[in-house]
Every structure is written in C-alpha cells, then in structure tokens.
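>>> got a predicted structure here, sequence first:
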Amino acid sequence: MTDQLLDHARRYADVHADRSGVAATPVEGLVILRETAPTLLQYAVSKPLVALVLQGGKRVTMGSRTFDFGAGDSLLITTDVPTVSQITTASRALPYYSLVLELDATIIASLVSQIGAAPFEADQPVRVDPTEAEVADAALRLLRLLDRPDALAVLGPQLSRELHYWLLSGRHGGAIRALGVTDSHAQRVARAVAVLRKRYAEPIKVEALAEAAGMSLSAFHMHFRSITSLSPLQFQKQLRLIEARRRMLAQGETISDAAYGVGYESVPQFTREYGRMFGQPPARDVRQARAQVNAAA
C-alpha cells in the first residue's frame, strides 16, 4: 500500500509541484511536497498538521527536541508552534515526497462528538510515529481522485473525514482529540496564539493573552508552555524573527526595515536576538541563504 501511495503522490507532484517543491491539490489543506536535494534550514510557525513521509528523510526541531524520520513515518504537529525543519535525504534519482494535511478542527470536533470517548490533552505538540495502515489506505483512496474532479467533488469530503477519523482513532488520537474538544486547554491556548499571530508586531501584555484564553495568569503560563514549549514572550519573539527573515529573503527588505516592521525598537537588539536564533547576524545569514538558493537554481 505504501508503494501505491508513493506512486500516486509521485505522479501528481512531478506534474504539479511549483518551484518551491509544493504541489497544491484540489483538497482543502492537502499538499504534496517534492524535493530533489537536501534543503536549507526552514523556519516556520506550523499550523496543526500531519505529514506522511513517503520517500526520503527529514529533520524537525522544536525547542530542545529534534526528530529525524523518513519513509513510513508520520509527523504530527498539534498546535501552532515554531519549528526548524530540513529535508535531509533527497536526490534527483530518489526525490523526497511527503503528503501534508492541515488538521481540520471542525471535522475533529464533529468526530469527537460522535465517538464520545473521554478527551485528554496532548503533552507534546510535535511527535513522530510509524504511519498506520488505515491512514495510508484512506490517503491512497483520496489521492486516486485528484485527477477525477467529478468524483473528488462527491467523495473527497467523506474521504477527508475518514482520514481524520483514522488519525483520531490511532496512536495519534490523544494528541489530536484536544483540537476538537470545546474549551480544552489546547483550544484556549490556540485562541491566545491566534492573537499573537495577528498582532505579533505590537506590544501585548500577557494578561491580555490570558484573558483571550479565558484562564488565570498562572494557569495560562503553565498551559501555554506545556503546549507550545515556549513562554508567550518567547513565542512572540520567534514569530517576529521568523517574519523578519522572510521579509529580508522574499521581499528584499533592509535589516532596519525588517526589524522595525516586526515590532523591534532597536536594530542592535534585533541583530543580537536574530543571531541567537539563526546562528549568525542577519546580513550574513541572508547573504548566505541567497547564495545557496542561487547555487541550487
């Protein structure tokens, strides 16, 4: 079944992947990734998702934890959390392929209400486990419909729901379940994270975030760190630095424009914190990243 899933993903991605290696699909939240060489480090704040690796290898770091995984494994991210990722095994002969599905909280909530089992919270926002057979089977049947739009329009929603069901019923279930439980700690923290993502460039008091989450200040601090592995201020700082790096690389902004644009009041402070996060000062990091991209083009 894994070979069939890889074959369908390969045939679709080889035709539809853009220059960044992303093959969008007609299924909402579903993409196929394709890379023909190991990539640079990629910094992002990932939304809740599951990634089924079909060929090649990848490394993801969150906080102090690093996960190395490859074909036959699934990466699960259950909350908006800053990650550093890198495709480590890929070549023109054997490209990296993975199937990435953003988790739909509405579908999960509906399934949780039907299943009726007692919910429990995720204790780690990122994890890696072997892909279960039922998940791979549902994913395969969904991919078979990508080039059949009439069938996909009718059967796609129920197959996407089935895929969520098997994820919820499997070894990932406890981590995913909290996404669909009204007023769970995960959902409350997600409300605060949404505020941070929208207003990352503004000074925000932790008390306002705790209020958005509907928690006392002490409970908010405890659950925010438990779910994201960061304090609220650390989370905001990483949001700012990741966005500043994106602006400099993708939009050509100067260091000072990027720093002020994401909320810093001091360029030296921005430079210090950027170096701590990315390992070198912004000018050198951007210059090196651009050179590597040009060399790979």
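Received it, and whenever you're ready, just let me know what you need.
>>> quick check: the closest residue to Tyr96 other than its chain neighbours vs Leu30, distance?
Closest residue in space to Tyr96, ignoring its immediate chain neighbours: Gly56 at 3.1 Å, by CB to CB, 6 or more residues apart in numbering. Every residue, glycine included, has its C-beta placed from N, CA and C. Gly56 is 19 Å from Leu30, where distance means CB to CB, to the nearest Å.
>>> coming back round to it: the residue nearest to Tyr96 and Thr88, how far apart?
In terms of CB to CB, Gly56 sits 8 Å off from Thr88.
>>> then Leu49?
Distance, Leu49 to Thr88, by CB to CB: 19 Å.
>>> now stretch 197-216: mean pLDDT?
The average pLDDT within stretch 197-216 is 93.
>>> if you count neighbours, what's buried in it?
Of all the residues in stretch 197-216, those buried under the rule 16 or more other CB atoms under 10 Å are 200-201, 204, 206, 209-213, 215.
>>> next, the contact list for the residue lying closest to Ala37 once chain neighbours are set aside, please.
Leaving out its chain neighbours, the residue that sits closest to Ala37 by CB to CB, 6+ apart is Ala90, at 5.6 Å. By CB atoms under 8 Å, 6 or more residues apart in numbering, Ala90 lies in contact with 35-39, 56-57, 96.
>>> got a pLDDT number for Ala90?
Ala90 carries a pLDDT value of 96.
>>> for it, give me phi and psi.
With angles defined as degrees, to the nearest 10, Ala90 sits at phi -170, psi 150.
>>> and it, how far from Ile77?
21 Å.
>>> nearest to Ala44, of the buried residues of stretch 197-216?
The closest of the buried residues of stretch 197-216 to Ala44 turns out to be Tyr200 (CB to CB; 13.7 Å).
>>> the stretch 101-250 of the chain: helices as residue ranges?
With DSSP state H, counting those that start in this stretch, the ranges of helices along the stretch 101-250 of the chain come out as 105-115, 133-143, 149-169, 173-177, 185-198, 206-213, 217-228, 232-250.
>>> what sits closest to Met62 if chain neighbours are left out?
What sits nearest to Met62 in space, not counting adjacent residues and going by CB to CB, 6+ apart, is Val126, at 4.6 Å.
>>> same question for Ser256.
Leaving aside its sequence neighbours, Ser256 sits nearest to Val267 (CB to CB, 6+ apart; 5.2 Å).
>>> could you do Pro48 as well?
Leu103 (4.3 Å).
>>> before we move on, what about Tyr200?
Sequence neighbours aside, Leu239 is the residue nearest to Tyr200 in space, at 4.2 Å (criterion: CB to CB, 6+ apart).
>>> what does Ser184 give?
Spatial nearest neighbour of Ser184, excluding adjacent residues (CB to CB, 6+ apart): Ala178 at 4.6 Å.
>>> touching, the one you found and Thr78? I think so.
Yes: applying CB atoms under 8 Å as the test, Ala178 and Thr78 come out as touching, 7.1 Å apart.
>>> which stretches of the stretch 101-250 of the chain have low pLDDT?
Applying pLDDT under 70 to the stretch 101-250 of the chain flags the ranges 116-124, 180-183.
>>> mind checking the longest strand of this protein?
When the chain is parsed with DSSP state E, its longest strand is strand 81-89.
>>> that strand versus helix 232-250: what angle between them?
Counting by axes from the mean of the first three to the mean of the last three CA atoms, to 10 degrees, strand 81-89 lies at 50 degrees to helix 232-250.
>>> now strand 81-89: how far from the chain's centre is it?
Strand 81-89 has its C-alpha centroid displaced from the chain centroid by 9 Å (CA atoms, centre = their mean, to the nearest Å).
>>> name every strand pairing with it and say which way it goes.
Paired with strand 81-89 in the same sheet, following DSSP bridges, are strand 42-46 (antiparallel), strand 57-62 (antiparallel).
>>> can I get the ones you listed in CSV with mean pLDDT?
Formatted as CSV, the strands paired with strand 81-89 follow (pLDDT from 0 to 100):
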stretch, mean pLDDT
strand 42-46, 83
strand 57-62, 91
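>>> which of the ones you listed sits most buried?
strand 57-62 (a mean of 20; mean count of other CB atoms under 10 Å).
>>> using CSV, list the CA coordinates for that one.
Output of strand 57-62 as CSV, limited to C-alpha atoms (Å, rounded to 0.1, in the frame of the first residue of the first chain):
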residue,chain,number,x,y,z
GLY,A,57,14.2,11.8,5.1
LYS,A,58,13.5,15.0,7.2
ARG,A,59,14.6,16.6,10.4
VAL,A,60,12.4,18.8,12.5
THR,A,61,13.4,20.7,15.7
MET,A,62,11.1,22.2,18.2
